[in-house]
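1. my questions concern the predicted model and sequence given below.
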Amino acid sequence: MNKREVLQLIARFKIDRCPDCGGEEIQVHTDRFFIVNTTKKEAYEPVKEANSEDADVTEIVCRKCGSRITALQDIIIFKTAIMEQLKNHLKRQPINKEFLNYVEILETNLPSWLQSRTLDISTESTQQFS
């Protein structure tokens, strides 16, 4: 992930500050380590010594109070599921841009699709599973 993709991810998931202390600077650990100022919409990569953490660490932490942003687990689960779905569809590992584009499609199309559908919970539909 690069700076622009990190900022897009933060924007898409509407993370604008720490829910605990209101801090506007967060650390984003993905395949690389970034510090993001959510007010200024800026991201930077600190010096390489501070960036030597495990590449598998994926978290968003408030720089002010140190608390883990709670939406993170949802993001990880969501990203993993979407990446797996894209991987199966594309027959290869999707790139981050493809992931972000797919999230945007889901964000704009899925809510309207869900609103236009009703759940059929009649006894006829449930009897076929018993």
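-> That came through fine.
2. my guess is Glu24 meets Lys41, correct?
-> No: contact criterion CB atoms under 8 Å: Glu24 and Lys41 do not qualify, at 10.4 Å. (C-beta placed from N, C-alpha, C; glycine too.)
3. quick one, which of those two is more surrounded?
-> Each of Glu24 and Lys41 has its neighbours counted (other CB atoms under 10 Å); Glu24 has more, 16 against 11.
4. check contacts around that one.
-> The neighbourhood of Glu24, defined by CB atoms under 8 Å, 6 or more residues apart in numbering, consists of 16-18, 37-39.
5. of the residues you listed, grab the buried ones for PyMOL.
-> To isolate the buried members of the contacts of Glu24 in PyMOL, using 16 or more other CB atoms under 10 Å:
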select buried, resi 17+18+38
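6. just name the closest of the contacts of Glu24 to Thr108, please.
-> Nearest to Thr108 among those: Asp16, at 19.8 Å, using CB to CB.
7. quick one: pLDDT of that closest one?
-> The predicted local confidence for Asp16 comes out at a pLDDT of 82.
8. residues contacting it?
-> With contacts defined as CB under 8 Å, 6+ apart, Asp16 is in contact with 24, 38-39.
9. redo that, cut-off 10 Å
-> Remark: with contacts taken as CB atoms under 10 Å, 6 or more residues apart in numbering, Asp16 is in contact with 10, 22, 24, 26, 38-39, 41.
10. report the two of these separated the most.
-> Pairwise distances among the contacts of Asp16 were taken by CB to CB; the largest, 17.0 Å, belongs to Gly22 and Lys41.
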